[in-house]
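K.L.:
Structure for this input, please:
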Amino acid sequence: MARFEIKTLEDISLLRESSELECKQASGIDGKGAIPKDMWETYSAFANTDGGTIILGLKEKRGQMPTSLHAR
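P.N.:
Numbering: from 1, shown residues only. Below is the predicted model:
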């Protein structure tokens, strides 16, 4: 698995979900944040393969990652 250090929002914009990277919005029902139930499926899949990274608080939209903190 390739290592990628995220330092800026621009770094995030370069990412794409893959077999080693999954993004979950994690906003919760009331918008106060919660671990999504489907995160555990991803966690299990990564644990049973070569691993991966789960980023909570981001959601890929139309193949693009957000480039600002206020992107929806």
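K.L.:
only C-alpha atoms for contact and neighbour calcs from this point on.
P.N.:
Fine.
K.L.:
Beyond the longest helix anywhere in the chain, next helix or strand please.
P.N.:
In the chain, assigned by DSSP state H, the helix with the most residues is helix 39-47. As assigned by DSSP states H and E, the chain's next helix or strand after helix 39-47 is strand 53-56.
K.L.:
Restricting to C-alpha, output that following strand in CSV.
P.N.:
Only the C-alpha atoms of strand 53-56 are listed here, as CSV (Å, rounded to 0.1, in the frame of the first residue of the first chain):
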residue,chain,number,x,y,z
THR,A,53,-7.2,3.9,5.0
ILE,A,54,-10.7,5.2,6.1
ILE,A,55,-11.1,8.9,6.2
LEU,A,56,-14.1,10.0,8.3
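K.L.:
and it, which residues are buried?
P.N.:
53-54, 56 (16 or more other C-alpha atoms under 10 Å).
K.L.:
Quick one: mean pLDDT for stretch 26-36?
P.N.:
The pLDDT scores in stretch 26-36 average 73.
K.L.:
before we move on, back to that, which strands or helices does the longest helix of the chain pack on?
P.N.:
Applying 3 or more C-alpha pairs under 8 Å, 6 or more residues apart in numbering; DSSP states H and E, one finds that helix 39-47 contacts no other helix or strand.
K.L.:
Please compute how far that helix lies from its chain's middle.
P.N.:
Computed by C-alpha atoms, centre = their mean, to the nearest Å, the chain-centroid distance of helix 39-47 equals 12 Å.
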